[in-house]
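In: here is a sequence together with a model predicted from it:
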Amino acid sequence: MELTVKQILKQSGITLQDVANSCGSTVPEVSRALNEAFIHRVRRTALDLIARRSQALQAASKSMDSTRAMDGSPQIQSAA
């Protein structure tokens, strides 16, 4: 599991106040910014998963299309 920035800061002994002081901000602003970065990562991951699923479905659909006759009905294999 990947550590969040807040967890890494805590392990390093750096507080949100330290970050806020260093960048001329407030603790709530720093916290919100870190949460928004996490939200962005979650959304990006979700969109990546959607894209992969869509590609897999398209590939499966193309594969199924090749086993159908021109009228859309399944092709019947003759027993030779």
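Out: Cool, got the structure.
In: how many residues are close by the spatially closest residue to Ser31 that is not a sequence neighbour?
Out: Of all residues not flanking Ser31 in the chain, Leu16 sits nearest, at 5.8 Å (C-beta to C-beta, 6 or more residues apart in numbering). Every residue, glycine included, has its C-beta placed from N, CA and C. Leu16 is flanked by 18 other residues according to other C-beta atoms under 10 Å.
In: next up, the contacts around Leu16.
Out: Taking C-beta atoms under 8 Å, 6 or more residues apart in numbering as the contact definition, Leu16 lies against Lys6, Leu9, Val27, Val30, Ser31.
In: could you rerun that using 7 Å?
Out: Val27, Val30, Ser31 (C-beta atoms under 7 Å, 6 or more residues apart in numbering).
In: got a pLDDT number for it?
Out: Turning to Leu16, the model gives it a pLDDT of 95.
In: do the same with Ile76
Out: According to the model's per-residue confidence, Ile76 sits at a pLDDT of 59.
In: again, but for Ala56
Out: The per-residue pLDDT reported for Ala56 equals 89.
In: ok, it - how many residues close by?
Out: Counted with other C-beta under 10 Å, Ala56 comes out at 10.
In: residues of the helix or strand containing it that come out buried?
Out: Here Ala56 is covered by helix 27-65, with elements defined by DSSP states H and E. Applying a neighbour-count criterion of 16 or more other C-beta atoms under 10 Å, one finds Val30, Leu34 buried in helix 27-65.
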